[in-house]
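Trainee: predicted coordinates and the sequence they were generated for:
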Amino acid sequence: MNTIGTDQNEENKGSLPPGAADTCQESTRSTGQDVEDEQSRQARSKMKLPSVSLLANVPSSLLLAYQSFGVVFGDLSTSPLYVYSNTFVGKLHHHQNPEAVFGVFSLIFWTLTLIPFLKYVAIILSADDNGEGGTFALYSLLCRHGKFNLLPNQQAADEELSSYKYGPSGRSSVSLALRRFLEKHKSSRTALLLVVLLGAGMVIGDGVINPAMSVLSSVSMLASAKARLPEGGVLVLACIILVGLFALQHCGTRKVGLLFAPVVILWLLTIFAVGLYNIIYWNPKIVFALSPHYIVKFFGQTGRDGWISLGGVLLCITGTEAMFANLGHFTACSVRLAFVSIVYPCLVVQYMGQAAYLSKNISSLPYGFYDSIPDAVLWPVFIIAILAATVSSQSVISATFSTVRQCQALGCFPRVKIVHTSKQIYGQIYIPEINWILMILTLAVAVGFHNTNKIGNAYGLAALSIMLITTFLMALVMVLVWQKNVLLAGAFLLFFWSIEACYLSAACIKIPQGGWFSLALSLIFMVIMFVWHYGTRKKYSYDLHNKVPLKWILGLGPSLGIVRVPGIGLIYSELATGVPSIFSHFVTNLPAFHNVLVFVCVKSVPVPYVSPEERFLIGRVCPRPYRMYRCIVRYGYMDLQGDDGNFENMLIQSIAEFIQMEAVVEPQLSSPDSFSYDGRMAVISSENLNSSSNFVVSEAGETSNSVQSSSKSSTLQSLRSDYEDENPQIRRHQLRFRISQNHGIDPSVREELLDLIQAKEAGVAYIIGHSHVKARRSSSFLKKLVIDFGYSFLRKNCRGPGVGLHIPQISLIEVGMIYHV
């Protein structure tokens with residue numbers, strides 16, 4: 001790897017022309033039918049299906065519903081372990097009587113019905129972004145229907161993506177007014193982003209708190225009078241289970257789901273049977289508590305103490321957000337099917353049966369769940385409970401992985417390694433760095449608090465904060481995306497916020513008793529994400545204002561004033577238009593450059609998936625003799641930005657197709673006297689890559705090494721061979737390119753294609769900026785603190801851009817720059 005160090009100050013902009021050459025934005029779409037590969041088919045299959053095709057997807061929906069038990073519903077299903085014991089604490093222990101138990105159960109039933117069932121299953125799951133869920137999916141929908149994104153890298157061509165369109169095309173007057181208000185005021189767009197980042201931070205905080213809460217609650221029976229295990233022994237056992245849980249994450253969501261789904265199903269059926277037994281044996285009159293009349297009676301008797309107890313009642317819906325956040329792992333149909341058919345009835349019967357037992361055994365409230373289990377099945381249920389509690393953490397961990405990936409794709413999280421663990425179900429991932437950070441923090445919570453009441457206070461506050469944010473974003477989606485009446489969206493917001501606000505007010509009372517931890521942890525992650533996004537935005541703004549003037553390049557001539565050597569130089573930049581400043585640094589510091597130059601921009605667009613047929617945008621930067629092109633590679637925020645070893649070949653084929661298409665469709669652009677090169681892009685379909693009769697592609701096979709040009713030294717070839725032997729995962733798929741013997745092809749096109757083939761055979765070099773971002777001396781103290789310390793620390797301790805782009809180190813050239821922003 002080679003590095004070139006240079007320094008340039010943002011204030012030195014005198015050479016920039018007042019207008020950039022990339023102002024014209026046009027796109028030409030190539031013809032031909034779409035040919036979908038496995039990824040695009042999977043992405044489309046996750047979109048909402050019309051009712052007529054629902055029956056055809058029943059088998060797949062049933063399989064996904066089965067897997068969802070082990071990933072989505074584990075947390076929600078294990079809530080009966082700790083809800084009653086965490087509710088009857090504090091001052092409510094003065095009201096431990098059958099009437100209070102009936103009232104608490106009525107609260108639990110209606111909370112389960114209104115929040116998970118009505119809000120999420122019936123409404124929120126319908127707001128998926130082409131199959132993806134979570135707060136960032138809602139934010140992505142909003143960004144597609146308004147210019148709310150703070151990073152100005154959108155292009156008109158992005159709106160032509162097949163997955164970009166969502167919702168009705170018309171605009172109501174209220175929707176337009178609200179959109180214009182948000183677009184006009186940058187502070188409102190920043191506030192919207194901060195709300196989304198806070199929600200993402202709460203999800204990550206859930207991934208820390210939930211495993212400790214679930215596992216400690218499941219082993220709490222060992223500390224009761226029936227087992228009498230010392231508290232230290234219980235804590236050690238919980239820590240061992242937690243370490244094993246996080247160690248299993250590398251197996252992937254699909255394998256974990258198949259392994260854990262039977263456990264959750266067995267758990268749900270077990271607690272259903274126990275609950276039904278308790279209802280019949282202890283107090284069948286508990287069914288009357290389904291009436292909301294008992295809620296009114298409960299608050300009339302308990303007053304403020306009953307209101308504070310809502311902080312414990314809300315634990316019955318913790319894990320609800322995982323249904324939406326984990327939607328990318330499954331489908332809305334499968335999640336609804338599993339919840340309505342098994343999860344909801346089993347939970348209602350279990351809470352009802354537990355209340356029936358406690359109404360006749362008030363002294364058992366501290367260990368309500370285990371005391372309600374008949375002695376004959378106590379130990380089997382205990383073992384199943386431990387397994388179920390271990391599984392329950394899986395839902396929140398999977399949701400954390402999905403949230404981190406969405407944040408990273410939209411420029412709001414430092415670069416981390418993302419491993420896709422399933423070829424069948426797209427979207428199931430594993431993030432090693434996040435996994436081990438979660439494990440360390442979870443163990444710290446378990447050891448530090450070692451009290452489920454305090455952990456429950458922290459957990460409830462985090463879970464309810466996410467729900468409030470989701471309700472707010474959903475109301476915006478109703479108005480801006482679905483084009484619903486503003487009164488309907490307002491009624492939705494007011495109804496659910498009024499319910500959630502009651503629980504939040506009770507949870508805030510318990511901030512000093514453990515709730516502070518989730519709040520502090522979420523704010524820390526929110527600050528990290530905002531600092532990264534702020535630094536990324538400032539760096540992009542610097543590049544945007546310091547682009548190399550096209551007149552300067554044209555003044556150098558086709559040779560660029562230096563020696564053009566055989567080979568292809570891929571210059572990576574975040575700019576979708578214009579020539580990045582690292583190009584001028586390279587030209588002025590080295591006496592030679594590659595014969596063919598391609599400015600590559602890998603960007604994320606606010607859609608979950610981009611089909612391979614629409615991934616490449618190809619254009620020309622300068623007149624034909626310069627041999628300078630632009631390639632924009634577009635990915636959705638849930639796309640796999642992996643390396644299958646075929647990127648170079650796809651790029652060469654796309655450029656070759658563009659050269660031929662340009663000569664046929666728009667011959668005026670081929671004129672070397674035209675100055676409208678930059679900004680004109682063409683979508684190159686993968687079907688056309690194999691349909692061209694002038695550009696022939698064949699497998700290199702055993703002779704792949706002989707294709708390499710003799711311009712490469714034997715030493716370099718030996719080094720490359722040794723590097724590929726040591727790193728087999730980066731071995732490139734070798735193809736041979738040639739031009740057909742078609743005499744009807746234009747001579748200039750043939751010459752350009754021949755230069756492209758020869759350059760490919762000579763080798764490909766990857767050129768990327770190795771930047772150091774610093775705040776200008778005139779910046780405020782806060783900006784210097786954020787850029788010089790916060791953003792710089794994150795850049796130094798995250799994965800490099802070359803690793804994220806899967807660039808082979810043997811071919812990498814880094815151009816050092818200092819950004820003064």
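Mentor: Happy to help now that I have it. Numbering: from 1, shown residues only.
Trainee: just the C-alpha atoms of stretch 498-507, please, in PDB.
Mentor: Once non-C-alpha atoms are left out, stretch 498-507 reads as follows in PDB (Å, rounded to 0.1, in the frame of the first residue of the first chain):
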ATOM      1  CA  SER A 498     -51.700   9.900  25.800                       C
ATOM      2  CA  ILE A 499     -51.400   6.200  26.700                       C
ATOM      3  CA  GLU A 500     -47.600   6.100  26.400                       C
ATOM      4  CA  ALA A 501     -47.200   9.400  28.200                       C
ATOM      5  CA  CYS A 502     -48.900   8.000  31.300                       C
ATOM      6  CA  TYR A 503     -46.500   5.100  31.400                       C
ATOM      7  CA  LEU A 504     -43.500   7.400  30.700                       C
ATOM      8  CA  SER A 505     -44.400   9.800  33.500                       C
ATOM      9  CA  ALA A 506     -44.400   6.800  35.900                       C
ATOM     10  CA  ALA A 507     -41.100   5.500  34.500                       C
END
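Trainee: distance between that stretch and the chain's centre?
Mentor: 28 Å (C-alpha atoms, centre = their mean, to the nearest Å).
Trainee: equivalent analysis for stretch 221-240, please.
Mentor: With C-alpha atoms, centre = their mean, you get 37 Å for stretch 221-240.
Trainee: got it, and stretch 231-248?
Mentor: On C-alpha atoms, centre = their mean, the centre of stretch 231-248 falls 29 Å from the chain's centre.
Trainee: from the rest of the structure, what touches it?
Mentor: Stretch 231-248 is contacted by residues 211-212, 215-216, 219-220, 222-223, 256, 386, 389-390, 393-394, 397, 435-436, 438-439, 442-443, 446-447, 450 when judged by C-beta atoms under 8 Å, 6 or more residues apart in numbering. C-beta: built from backbone N, CA, C; applies to glycine.
Trainee: go again with 7 Å.
Mentor: The contact list for stretch 231-248 (C-beta atoms under 7 Å, 6 or more residues apart in numbering) reads 211, 215-216, 219, 222-223, 256, 386, 390, 393, 435, 438-439, 442-443, 446-447, 450.
Trainee: now go through the residues you listed and say which are in helices.
Mentor: Judged by DSSP state H, the contacts of stretch 231-248 include 211, 215-216, 256, 386, 390, 393, 435, 438-439, 442-443, 446-447 as members of helices.
Trainee: closest to Val377 out of those?
Mentor: Proximity of those to Val377 (C-beta to C-beta) peaks at Ile386, which lies at 14.6 Å.
Trainee: what about that closest one, neighbour count?
Mentor: The tally of other residues near Ile386 (other C-beta atoms under 10 Å) stands at 20.
Trainee: and it, what is it in contact with?
Mentor: When contacts are counted by C-beta under 7 Å, 6+ apart, Ile386 touches 218-219, 241.
Trainee: distance check, it against Ile241.
Mentor: As judged by C-beta to C-beta, to the nearest Å, Ile386 and Ile241 stand 7 Å apart.
Trainee: just put the ones in helices among the contacts of stretch 231-248 in CSV and tack on distance to Ile562 and pLDDT.
Mentor: Shown next, in CSV, are these (distance: C-beta to C-beta, whole Å; pLDDT from 0 to 100):
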residue, distance to Ile562, pLDDT
Pro211, 58, 89
Val215, 64, 87
Leu216, 66, 87
Val256, 55, 60
Ile386, 69, 86
Thr390, 62, 78
Ser393, 58, 78
Asn435, 48, 91
Leu438, 51, 92
Met439, 52, 93
Thr442, 56, 93
Leu443, 57, 93
Ala446, 62, 90
Val447, 62, 90
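Trainee: so where is the stretch 151-300 of the chain shaky, pLDDT-wise?
Mentor: Across the stretch 151-300 of the chain, the ranges flagged by pLDDT under 70 are 152-153, 165-171, 223-228, 252-258.
Trainee: look up the pLDDT of Thr588 for me, please.
Mentor: Thr588 is assigned a pLDDT of 77 by the prediction.
Trainee: let me know the helix or strand that it is in.
Mentor: Assessed by DSSP states H and E, Thr588 sits inside helix 581-589.
Trainee: relative to Thr78, how far out is Met213?
Mentor: Counting by C-beta to C-beta, the separation of Met213 from Thr78 is 9 Å.
Trainee: likewise for Ile509?
Mentor: Distance, Ile509 to Thr78, by C-beta to C-beta: 25 Å.
Trainee: between the two, who's got more neighbours?
Mentor: Ranked by neighbour count (other C-beta under 10 Å), Ile509 and Thr78 place Thr78 first, with 30 against 16.
Trainee: what's stretch 114-128 in contact with?
Mentor: Outside stretch 114-128, the residues touching it (C-beta under 7 Å, 6+ apart) are 48, 76, 137-138, 317, 320, 323-324, 327, 332, 335-336, 339-340, 344, 467, 470, 474, 477, 496, 499.
Trainee: and those residues, which of them are buried?
Mentor: By neighbour count, with 16 or more other C-beta atoms under 10 Å, the contacts of stretch 114-128 hold 76, 137-138, 317, 320, 323-324, 327, 332, 335-336, 339, 344, 467, 470, 474, 477, 496, 499 as buried.
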